[in-house]
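**Q** Quick one, what's the 3D model for this:
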Amino acid sequence: MIFFLETNVYQFFGRFHAIIVHLPIGFIVLAVLFELISLKKKTDLNLAISYAYLVGALSGVFSIILGLMLASDGDYNETTLNIHKWTGITMTIVAFLLFFIKRKQEALFWARKSYPVLVTLVVALLFVAGHNGGSLTHGSDYLFEHAPNPIRTLAGMKPVRERVIDLDSALVYEDVIHPIFESKCNVCHSNDKAKGDLLLTDAESIMNGGESGAVIVGGNAKESELYRRITLSPTHKEFMPTEGRTPLSKEETMLIQWWIDEGASFDKKVVELNISDRMMICLKDVGIGLEKTFIERLDLKAVEDNVIAAIEAQGFKIKPITGNSTLLEVAYSPYRKDSITSEKIEVLLQARTNIVWLDFSSLNLQVDLIAKLGQLENLVELRMSNTNLTDVGMKAIESLTHLEYLNLYGNPISDVSLESLNKLSSLQKLYLWKTNISEEGLKNIKDHLQEVTVISGI
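**A** Numbers count the residues shown, from 1 in each chain. Reported below is the predicted structural model:
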């Protein structure tokens, strides 16, 4: 009983390590910043620098004591913990040395020579200790978790597997269960912090269980310790996740129950398991089985560089919609001295299949130019406010059946264009403010395109 109480006391005080540990970091960084300022401005900040090191070192002592208390539960990766501990202790010792050396720097030759070396050392130790502390708290991958694959490879990490959301192709563990464990469980059950000796990072570790034995009984969720823990009352001492972390949602809990009841497979596809209507709803809640948008379904080759260069030479701004996407957005500035012409449009149409966003706002477009826009077969977003678009020009736009966003603000179109607008069945948002379409015409559009949001100013 006494041992139990002592362990709880250690953990109670140890939790304050997370608060105190920022003080030595802050004061040591402050000392280094003061040093840089004094060198640049030729200002004497020696006293402030020395005391910043002293406060950093003293708070480091308290941080170390609390850290040792926190580590007493033994749930941390020993290698990472030792690196964090000894770099923190060494950093604190060096900070004390810097306090004394800074005060003697002018008088002693060896102090002047050793000072820059020790400053460099304390900064390096600060980074190493901080990184390993972050690994213990957030997992070893926290720093590069969202890094691009080339950087992950350089850091010795596996490239991120692109998650499959298509129901027919998704794997039940990789695409459904593993992401739940990653977001809700692995802060405490990873290589750097295996609470209860339980790892939830890979199939072998999961099936090995923890210090109390197996946590999953394939085919029987209610007999599985993992399922029992996540369905306890949040106030229960054995509830998972612990330490006030975000609990699993109802849908996530049901998916884990379903996965275990279906045999806890690590290699089967979702469609190989029995899927009830209720499970379909849960799967959609975590992003599995959702229909791809039109843009997501497009798989196009990149437009050749010489074509892009030719389009830019005509005054168009053209770039990928995101990152390295082969899909393009195009704009033409209304402030250019040279107007947009039929010849310019012909050059632009060399990339017609890849253009999905187009902004021709505030351009004075003639009917023959607007007619050419009907060739942009994959256009999803079209901005044509104040372009002198008439009912005749609208006939060309009606062929753009994939349009989801259309801005026709300030154009002299009337109810004659209703027929053309009603053919745009993919529309989600339509701007008709300051047009000549009547209230009756707007009602007609809303009746035909019930899912569309119409902004009319009325």
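**Q** gap between the closest residue to residue 395 other than its chain neighbours and residue 442?
**A** Leaving aside its chain neighbours, residue 395 sits nearest to residue 420 (5.9 Å; criterion: C-beta to C-beta, 6 or more residues apart in numbering). C-beta coordinates here come from the backbone N, C-alpha and C atoms, glycine included. The gap separating residue 420 from residue 442 is 15 Å, by C-beta to C-beta, to the nearest Å.
**Q** Walking through the stretch 51-200 of the chain, point out its helices one by one.
**A** 78-104, 109-138, 149-154, 178-184 (DSSP state H, counting those that start in this stretch).
**Q** Tell me what residue 189 is bridged to.
**A** For residue 189, the beta-bridge partners are residue 194 (DSSP bridges).
**Q** on that earlier part again, correct me if wrong: the residue nearest to residue 395 contacts residue 393.
**A** No - if you go by C-beta atoms under 8 Å, residue 420 and residue 393 don't touch, sitting 9.4 Å apart.
**Q** So which of these two has more stuff around it?
**A** Shown here are residue 420 and residue 393; by other C-beta atoms under 10 Å, residue 393 has more neighbours (25 against 17).
**Q** pretty sure the more buried one contacts residue 371?
**A** Yes - with contact defined as C-beta under 8 Å, residue 393 counts as touching residue 371 (7.4 Å).
**Q** Worst mean pLDDT among the helices of the stretch 51-200 of the chain?
**A** When the helices of the stretch 51-200 of the chain are ranked by mean pLDDT, helix 149-154 comes last with a mean of 68.
**Q** how near is residue 295 to residue 320?
**A** Applying C-beta to C-beta to residue 295 and residue 320 gives a distance of 12 Å.
**Q** shared neighbours of the two, anything?
**A** Residues touching both residue 295 and residue 320 by C-beta atoms under 8 Å, 6 or more residues apart in numbering: residue 327.
**Q** okay, these two: which has more neighbours?
**A** Legend: neighbour count by other C-beta under 10 Å for residue 295 and residue 320, higher for residue 295 (17 against 14).
**Q** Helix, strand or coil: sort out the more buried one for me.
**A** Put simply, residue 295 is helix when judged by DSSP: H, G, I helix; E, B strand; the rest coil.
**Q** Distance of it relative to residue 402?
**A** According to C-beta to C-beta, residue 295 and residue 402 sit 9 Å apart.
**Q** Can you check which residues contact both of the two?
**A** residue 380.
**Q** how close does the nearest residue to residue 173 once chain neighbours are set aside get to residue 176?
**A** Once flanking residues are discounted, residue 173 sits nearest to residue 266: 4.6 Å by C-beta to C-beta, 6+ apart. Residue 266 is 11 Å from residue 176, where distance means C-beta to C-beta.
**Q** which of the two has more neighbours?
**A** Legend: neighbour count by other C-beta under 10 Å for residue 266 and residue 176, higher for residue 176 (24 against 17).
**Q** Give me the average confidence score over the one helix or strand residue 50 maps to.
**A** Element membership for residue 50, per DSSP states H and E: helix 46-70. For helix 46-70, the mean pLDDT works out to 86.
**Q** Which other helices and strands does it contact?
**A** Packing partners of helix 46-70 (3 or more C-beta pairs under 8 Å, 6 or more residues apart in numbering; DSSP states H and E): helix 2-14, helix 17-20, helix 22-41, helix 78-104.
**Q** between those, which gets nearest to residue 232?
**A** For residue 232, the closest of the helices and strands packed on helix 46-70 is helix 2-14, at 19.9 Å, according to C-beta to C-beta.
**Q** Look at the residue nearest to residue 282 when sequence neighbours are not counted and tell me its secondary structure.
**A** Setting aside the residues directly before and after it, residue 282 is nearest to residue 251 in space (C-beta to C-beta, 6+ apart), at 4.2 Å. The three-state label given to residue 251 by three-state DSSP is helix.
**Q** okay, residue 251: pLDDT?
**A** Looking at residue 251, its pLDDT is 89.
**Q** could you list every residue that touches it?
**A** So residue 251 contacts 281, 282, 285, 286 (C-beta under 8 Å, 6+ apart).
**Q** Leaving out sequence neighbours, find the closest residue to the first one.
**A** Nearest residue to residue 281 in three dimensions, chain neighbours excluded: residue 251, at 7.5 Å (C-beta to C-beta, 6+ apart).
**Q** and this structure, what are its domains?
**A** In terms of domains, the chain is parsed into 2-138, 172-285, 297-455 (source: automatic domain parsing).
**Q** Give me the distance between the first one and the centre of its chain.
**A** With C-alpha atoms, centre = their mean, to the nearest Å as the basis, domain 2-138 stands 31 Å off its chain's centre.
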